[in-house]
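Participant: Here you go, sequence then predicted model.
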Amino acid sequence: MSPKLISMVLIVLLSGVFFPKNKNEEIAIKQIIQSAYVDGIQNNGNLEDFEEGFHSGFNFLEVHSDMLIKNSIYNWIKSIKDRKLKTPESFVGDKRVTCKYLLIDITGNSAMAKIQLFRDQKLLFTDYLQLYKFEEVWKIVSKIYYRH
């Protein structure tokens, strides 16, 4: 086998390692997290974006005094709407939450995103969001988090 052919075979084999096949899916996941979760919820943005990015079966899991609490999307929507009544404008400037994507792991139509949320460069939360792809659209289906 010629050195040129060996090089080409190696490039093809290694391209899956260095150039992820799921790059477009990763971009789509980041976009839905940004619009629905970071801007829609954390930055007091558009509720329609929030509802578009979360599945109706979404559950939010949290721990209080060693008890696991499961909150449905309906309870979360109510608390977000109550907050928007008190503060209807979106957050800007140093009140705006920013997101750092630490990991997006995709297998088929399922994915997990590990993100960190910051306000005024202060780390607030590390979140683990689980997503499924439904009819070509990614939806957030559950969340756990750590408050820093």
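Facilitator: Received, thanks. None of the values given here were measured: they were computed from a predicted structure. Numbers count the residues shown, from 1 in each chain.

Participant: Skipping adjacent residues, who's closest to residue 50 in space?
Facilitator: residue 40 (3.5 Å; Cβ to Cβ, 6 or more residues apart in numbering). C-betas here are computed from N, CA, C, even on glycine.

Participant: okay, that neighbour: pLDDT?
Facilitator: For residue 40, the pLDDT comes out at 90.

Participant: doesn't residue 53 make contact with it?
Facilitator: Yes - using Cβ atoms under 8 Å, residue 40 is in contact with residue 53, at 6.7 Å.

Participant: burial count for the residue nearest to residue 50?
Facilitator: 24 (other Cβ atoms under 10 Å).

Participant: Residue 79 now?
Facilitator: For residue 79, the neighbour count with other Cβ under 10 Å is 11.

Participant: could you dump the helix or strand where it lies to CSV, C-alpha only?
Facilitator: Using DSSP states H and E, residue 79 sits within helix 73-86. Only the C-alpha atoms of helix 73-86 are listed here, as CSV (Å, rounded to 0.1, in the frame of the first residue of the first chain):
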residue,chain,number,x,y,z
ILE,A,73,-43.3,22.1,33.6
TYR,A,74,-46.7,23.5,34.6
ASN,A,75,-45.6,24.5,38.1
TRP,A,76,-42.4,26.0,36.6
ILE,A,77,-44.5,28.0,34.0
LYS,A,78,-46.7,29.4,36.7
SER,A,79,-43.7,30.6,38.7
ILE,A,80,-42.1,32.1,35.6
LYS,A,81,-45.4,33.9,34.7
ASP,A,82,-45.7,35.2,38.3
ARG,A,83,-42.1,36.6,38.1
LYS,A,84,-42.9,38.2,34.7
LEU,A,85,-45.9,40.0,36.3
LYS,A,86,-43.6,41.5,38.9
